[in-house]
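Q: Sharing a sequence plus its predicted fold:
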Amino acid sequence: MTESLRPSRRAVVTALGAAVVVALPAWPETARAADGTAVAGSSPVLDPHPATEPSGTHVREVGGTNVVFQYGTVLPAFDGWRTQEPTRDYLSLDKRWRFRFDPADQGLDEGWQSPHHDDRAWDHIDVPAAWDLLNTPGFGSETATFGTGTAFADGYAWYRTTVDVPASWRARHVRIAFLAAGYSAEVWLDGTHLGKHEGANSPFALPVAGALRPGRRQTIAVRVFRRASYTDYTAPAAQPVTDDHELPYKPVDYWPYAGLTRSAWIEAVPQVTVTKLLVTAADGLLEARAVVENHGDSDFDGRLILEPGRGSGGSPTGVAVRIAARSAGVVRVVVRIPDAPRWSPASPHTLTARATLTAGRSGGPRVDTLSTVYGVRELTINGAQLRLNGKPLFLKGLNWHEETAAHGRAMTPAEYDRELGHVTALGANFVRNCVYNRHPYVYDWADAHGVLVMDDIDTMWLNTAQEKLQTERYGLARALALTMAWNQHNHPSVILWGLQNESEIDAGGAPVYRAWLADLKAAVKAVDLTARPVTWASNTSNDPAFDLADVIGFNEYFGYFYGKDADLGPTLDAVHAKYPDKPILITENGTWSVAGTHGPATTQGTEEWQAASFTAHWAQVSARSEFVAGFTYWVLKDYKQRAGYNQAYNGISVMGLLTFAEERPKLVYEAFREAVNPRGR
């Protein structure tokens, strides 16, 4: 195994069981800007452009490992929703909260964040849930009236709840974690502003030091904001509402669910804690880099023991650890795993690694633990082929939106199982998370079921001005790319990082576009120790930045929006001739049909036309599997959107293999299922 970053001069490296332990200089207390948001310290960032997005997301090199920081501390693992470590305390916030819309934006001035505010007359809402479904009759119906109900309530809304903080937490480091808040959220604890987060689909964790009162009941207040999509949802001439700093910055064709849409909890960890565990596995070796934070006032001396997991054939390996007070370090351990099975779609074997931190150099009491699931697999590009474990891949894929008619984006595990079950039932081996990160359940499901994943971020339909703003000033796109690669690092199912979807390349704007994509690529490459390929869903087969991509990805709608079905093959040949050593991936193709509408395969809108179009495109791609890495159909299921079309169908886009509410198959469902993967599973 090789390292792309040189260890620092203070690193200590041995053979197996190597330790790279370099403490950062003690960071200052988290500063506060004038508006109360968290500001990162003066540590070096990934690139020279200042980031003004509110989480202060940036990278610091710690002992030869790039570590992602947010809100002045290391961005932690978000496994608490599922695996509760025995050394930690968890307090679930998944419950009924007090809730109130704030259309006049008066809550802040009136002290709704204060623990003394009387909220007894407020409404209630479940967490997790989307406020869209609070009072929107017929939300999932194709015939309901479009533009009414809380699905169209925009602006600010407030959440409040109380928690009894255990007295035993006085000696703990405590953070509040949210798996998602759409679109942005500000959080207070007993009136103390903890921070603000932007981005509707990425998890975040806010340290509560200074605001915590162990042994007391405390009030959590969250102010959530969603921008309106249009000035009016029913007027024909309504204008779109935009914000250059948001991602996406304008209305897009998926539903922007609002509220605390995924789980939330409070997590109390030891003062010295394993915050993140990064693992790579190949060539009979497991390499782990444990990011250890010392939030206490005393230096820590101890050991870190890595267990490679049952079935790996490896033995627990320990290394000495020293972390200075109020600092972070990276502990590197390499363990032989001679019996570990390989992970693949046909045999999705996973293992669980666990890092245990003990006090004292000779095996004292346990201080903290952190575990992670991983898989042994080798992903390479050889010529124009994407290979897994040395064998060429062909990705029979599906785009899908994370939502149901019953719960919007706050899906239940049973809903995930039912919906993702269609992926395997259809013989697909690949999903694209268009165009945002999913709930952690999805990545775990993909690991366990052998489904390959292209992860995406919310960088959809930007134009040159927004690309320039994000690269040079605001940095939210970079923050989303960093956190995507950091959070999903260990999942064997994740094989591609998607950087953007159908963003514009204005006349003369190619240099800005290229600089933006280079910035996003540098972000994911900086933290991904496995060097997964990057790609994106371009809106053209003649993208001026394709040379930057590891896998060329583009959306094509021949025979629907332009040209004819038969144009796809010659287009693929032309792209291959220009980039002969790069695999090509069709990131989107599809048409539409209204379920139950039948007729000739040449008539748009019929189920027969939709099925025939898919079959024509599939034949052209699968015939070129020597250089085409796969085909990703748009889309698994009809989906909701607030854009200015499909209002006659209550905002439901009917491009799916399945209908939206009933999830009933159309003819194209069977056509997709019968399509033969030229490389097998």
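A: Ah, there it is.
Q: where does the stretch 1-150 of the chain have low pLDDT?
A: Along the stretch 1-150 of the chain, the model assigns pLDDT under 70 to residues 1-51.
Q: So for the helix ranked longest in the chain, mean pLDDT?
A: Once the chain is assigned using DSSP state H, the helix that runs over the most residues is helix 510-527. When pLDDT is averaged along helix 510-527, the result is 98.
Q: quick one, helices of this structure?
A: Counting by DSSP H, the helices of the chain are 413-425, 440-449, 464-469, 476-487, 510-527, 568-578, 607-622, 667-674.
Q: okay, which residue is most central for this structure?
A: The centroid of the chain falls nearest to Asn437 when counting by Cα atoms, centre = their mean (2.6 Å).
Q: Tell me which of the helices of the chain sits most buried.
A: Sort those by mean neighbour count, taking mean count of other Cβ atoms under 10 Å, and helix 476-487 sits at the top with a mean of 26. C-betas here are computed from N, CA, C, even on glycine.
Q: Ok, which of the helices of the chain comes nearest Arg336?
A: Proximity to Arg336 (Cβ to Cβ) singles out helix 440-449 among the helices of the chain, at 22.7 Å.
Q: Using PDB, write out the CA atom coordinates for that closest one.
A: C-alpha atoms of helix 440-449 as PDB (Å, rounded to 0.1, in the frame of the first residue of the first chain):
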ATOM      1  CA  PRO A 440     -26.700   6.500   6.100                       C
ATOM      2  CA  TYR A 441     -29.200   3.600   6.000                       C
ATOM      3  CA  VAL A 442     -28.900   3.600   2.200                       C
ATOM      4  CA  TYR A 443     -25.100   3.200   2.100                       C
ATOM      5  CA  ASP A 444     -25.300   0.400   4.700                       C
ATOM      6  CA  TRP A 445     -28.000  -1.300   2.600                       C
ATOM      7  CA  ALA A 446     -25.900  -1.100  -0.500                       C
ATOM      8  CA  ASP A 447     -22.900  -2.500   1.300                       C
ATOM      9  CA  ALA A 448     -25.000  -5.500   2.500                       C
ATOM     10  CA  HIS A 449     -26.800  -6.100  -0.800                       C
END
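Q: what's the span of stretch 80-92 from first residue to last?
A: Stretch 80-92 has an end-to-end distance of 9 Å (criterion: Cα to Cα, to the nearest Å).
Q: so can I have a markdown table of the helices of the chain showing distance to Asn433?
A: Putting the helices of the chain into a markdown table (distance: least, Cβ to Cβ, whole Å) gives the following:
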| stretch | distance to Asn433 |
| --- | --- |
| helix 413-425 | 12 |
| helix 440-449 | 7 |
| helix 464-469 | 21 |
| helix 476-487 | 9 |
| helix 510-527 | 14 |
| helix 568-578 | 24 |
| helix 607-622 | 21 |
| helix 667-674 | 19 |
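Q: my guess is Asp299 contacts Gly329, does it?
A: No: with contacts defined as Cβ atoms under 8 Å, Asp299 does not count as touching Gly329, sitting 11.0 Å away.
Q: So for those two, which residue has more residues nearby?
A: The neighbour comparison of Asp299 against Gly329 (other Cβ atoms under 10 Å) goes to Gly329, with 25 against 14.
Q: these two touch, right, the more buried one and Val319?
A: No: between Gly329 and Val319 there is no contact under Cβ under 8 Å: 11.4 Å.
Q: on that earlier part again, give me the common contacts of Asp299 and Gly329.
A: Common contact partners of Asp299 and Gly329 (Cβ atoms under 8 Å, 6 or more residues apart in numbering): 322-323.
Q: shaky segments in this protein?
A: In the chain, residues with pLDDT under 70: 1-51.
Q: And the strands in the stretch 151-300 of the chain?
A: Secondary structure of the stretch 151-300 of the chain by DSSP state E, counting those that start in this stretch: the strands cover 155-164, 172-178, 184-189, 192-198, 204-207, 217-226, 264-270, 272-282, 285-294, 300-307.
Q: Of those, give the one that comes closest to Leu480.
A: The nearest among the strands of the stretch 151-300 of the chain, by Cβ to Cβ, is strand 192-198 at 9.1 Å.
Q: and that closest one, which residues are buried?
A: For strand 192-198, burial by neighbour count (16 or more other Cβ atoms under 10 Å) applies to 193-198.
Q: As CSV, these with distance to Pro533 would be great.
A: What follows is those, written out as CSV (distance: Cβ to Cβ, whole Å):
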residue, distance to Pro533
His193, 40
Leu194, 37
Gly195, 33
Lys196, 33
His197, 29
Glu198, 27
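Q: Okay, and the beta partners of the residue nearest to Ala526 when sequence neighbours are not counted?
A: Nearest in space to Ala526, with sequence neighbours left out and distances taken as Cβ to Cβ, 6 or more residues apart in numbering, is Asn66 at 4.7 Å. Per DSSP bridges, residues listed as beta-bridge partners of Asn66: Glu61.
Q: Asn66 and Ala353: what is the separation?
A: To Ala353, Asn66 is 20 Å away according to Cβ to Cβ, to the nearest Å.
Q: my read: Arg336 touches Gly284, true?
A: Yes: counting by Cβ under 8 Å, Gly284 is a contact partner of Arg336 at 6.1 Å.
Q: For the stretch 551-681 of the chain, which segments are assigned as strands?
A: Taking DSSP E, counting those that start in this stretch as the criterion, the stretch 551-681 of the chain contains strands spanning 552-555, 584-589, 628-633, 639-640, 652-653.
Q: Quick one, which of the ones you listed gets closest to Asp132.
A: Nearest of the strands of the stretch 551-681 of the chain (Cβ to Cβ): strand 639-640, 8.8 Å.
Q: Adjacent strands (with direction) for the closest one?
A: Going by DSSP bridges, the partners of strand 639-640 are strand 652-653 (antiparallel).
Q: what's in contact with the strand it pairs with?
A: 142, 253, 592, 635, 638-641, 646, 660.
Q: Among these, which one has the most neighbours?
A: In terms of neighbours by other Cβ under 10 Å, those top out with Asp638 at 29 neighbours.
Q: isn't that one right up against Arg664?
A: No: checked against Cβ under 8 Å, the pair Asp638 and Arg664 is beyond contact range at 9.8 Å.
Q: Which residues are in contact with each of the two?
A: Common contact partners of Asp638 and Arg664 (Cβ under 8 Å, 6+ apart): Leu658.
Q: one step back: which residues are contacting the longest helix of the chain?
A: Taking Cβ under 8 Å, 6+ apart as the rule, helix 510-527 contacts 46-47, 49, 59, 66-68, 459, 462, 464, 467-468, 470-471, 477-478, 481-482, 484-486, 489, 497, 499-500, 503-505, 531-532, 534, 536, 544-545, 548.
Q: if I look at the nearest residue to Ser538 once chain neighbours are set aside, how far off is Trp265?
A: The shortest distance from Ser538 to any non-neighbouring residue, by Cβ to Cβ, 6+ apart, is to Phe554 (4.2 Å). The gap separating Phe554 from Trp265 is 40 Å, by Cβ to Cβ.
Q: between the strands of the stretch 151-300 of the chain, which one is nearest to His401?
A: His401 sits nearest to strand 217-226 of all the strands of the stretch 151-300 of the chain, at 17.2 Å, using Cβ to Cβ.
Q: Which strands border that closest one, and is each parallel or antiparallel?
A: The strands beside strand 217-226 in its sheet (DSSP bridges) come out as strand 155-164 (antiparallel), strand 184-189 (antiparallel).
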